[in-house]
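Q: What follows is a predicted protein model with its sequence.
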Amino acid sequence: MSMSQIIQISSGFINNVHDPVCGMAATPGGTGASQFAGQLGKTINLDSSEVRYDSSIGTVFGGNFQYVQCSPTDWDTPVIGQMVFWDAAVAENLYQVVNEEDTTTLVATSMAGVILSAGLTAGQFTFIQTLGLVKAKFVASITGTKATGRPVFISVAGGASVGLMDIVDDITTTAGAYFFPRYVGYAVQLPTDGGLTTIDLNQLSPRG
C-alpha cells in the first residue's frame, strides 16, 4: 500500500490537531498502516494569509511548522506556548517529542518547537511551530526585566517551569550561563508573569 506524502491538517485548523493515528483524526476500522504515515516529520511553511487556525484556541501567525508525535510514555499534558524537546531515547525517524527534561541531560537544549494545541495527550500526533511569530508561555515570575526586544530563553527552573519562557538580565554569572544554549528569540510583545505573549522564534533544527 502506498503512503500519501500530502500534508493533512485533519481538523482544518493547525492549532487543533490531536491525531490518534498519523495524519488521521480518527482511528480507521480494519487493520494496516495509516495511508498518511509519510506525513510524520514533514515540515510546512505558511505565511499569515495561508494559516488557518481556530481563534477560540489561540492566534497562530505565519511561520514554519512540523508534524510530530507526542511521546507515548514520557509526556505530561503541555500548555499552548510551551516548548517541547526531541526525545533522545528513541530513533530520530520517529519524530517524537517530550515536554520533560528527564530523558537525557541534554534534552533541554534539543528544542523541537512550540505547542499550538491545547490538551495534547500521550501518543497523539500534532503540529508544532519551529520559526516565526508565536504565542509563548512565560514562567509565573519572570527573572529579569520585562520589555519588548529582550532576548527570550527557556527557563532553567525545572518543575512547573519546564519548557516555559523566561528573561534574564545577567547571563555572565554561573547561573546565567545556563541560559546560553536555551536562547529561542526575542520578545515582540511585552512579556508578563505567567502570560502568553508574542515572541519572534528563531529557526529551530527540524529533524528530517
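A: Thanks, I have the structure now. Numbers count the residues shown, from 1 in each chain.
Q: distance between the longest strand along the chain and the chain's centre?
A: If you go by DSSP state E, the chain has its longest strand at strand 125-137. Taking Cα atoms, centre = their mean, to the nearest Å, the mean C-alpha location of strand 125-137 is offset from the chain mean by 5 Å.
Q: What is that strand packed up against?
A: Here strand 125-137 touches strand 63-70, strand 111-115, strand 196-201, going by 3 or more Cβ pairs under 8 Å, 6 or more residues apart in numbering; DSSP states H and E. (Each C-beta comes from the backbone N, C-alpha and C, glycine too.)
Q: out of these, deepest packed?
A: Each of the helices and strands packed on strand 125-137 was scored by mean neighbour count; the highest is strand 111-115, a mean of 26, by mean count of other Cβ atoms under 10 Å.
Q: and the angle from the longest strand of the chain to strand 196-201?
A: In terms of direction (axes from the mean of the first three to the mean of the last three Cα atoms, to 10 degrees), strand 125-137 departs from strand 196-201 by 110 degrees.
Q: quick one: average pLDDT of strand 125-137?
A: When pLDDT is averaged over strand 125-137, the result is 97.
Q: now the helix or strand that that strand is followed by, how far from the centre of its chain.
A: Using DSSP states H and E, the next helix or strand after strand 125-137 towards the C-terminus is strand 151-154. Centre-to-centre, strand 151-154 and its host chain are 15 Å apart (Cα atoms, centre = their mean).
Q: Kindly report the same for stretch 127-139.
A: That offset, for stretch 127-139, works out to 6 Å (Cα atoms, centre = their mean).
Q: got it, and stretch 195-207?
A: 8 Å.
Q: nearest residue to Ser48 other than its sequence neighbours?
A: Distance criterion Cβ to Cβ, 6 or more residues apart in numbering; nearest residue to Ser48, sequence neighbours excluded, is Gly62 at 4.0 Å.
Q: Might one say that that neighbour is in contact with Val134?
A: No - Gly62 is beyond contact range of Val134, at 10.1 Å (criterion: Cβ atoms under 8 Å).
Q: The two: which has the busier surroundings?
A: Val134 (26 against 16; other Cβ atoms under 10 Å).
Q: Please verify my assumption that that one contacts Asn202.
A: No - assessed by Cβ under 8 Å, Val134 is found out of contact with Asn202, at 10.7 Å.
Q: so where is this protein shaky, pLDDT-wise?
A: Low-confidence segments of the chain, defined by pLDDT under 70: 1-6, 28-33, 102-107, 174-175, 206, 208.
Q: all strands for it, in order.
A: Along the chain, counting by DSSP E, strands occupy 43-46, 63-70, 83-86, 96-98, 111-115, 125-137, 151-154, 165-166, 183-187, 196-201.
Q: which outside residues touch stretch 186-203?
A: 58, 61, 63-64, 80-81, 114, 129-142, 146-152, 165, 167, 183-185 (Cβ atoms under 8 Å, 6 or more residues apart in numbering).
Q: re the thing from before, just put the strands of the chain in CSV and tack on distance to Val17.
A: Output for the strands of the chain, formatted as CSV (distance: least, Cβ to Cβ, whole Å):
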stretch, distance to Val17
strand 43-46, 12
strand 63-70, 8
strand 83-86, 14
strand 96-98, 14
strand 111-115, 11
strand 125-137, 5
strand 151-154, 23
strand 165-166, 23
strand 183-187, 22
strand 196-201, 19
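Q: Many thanks, I have nothing further to ask.
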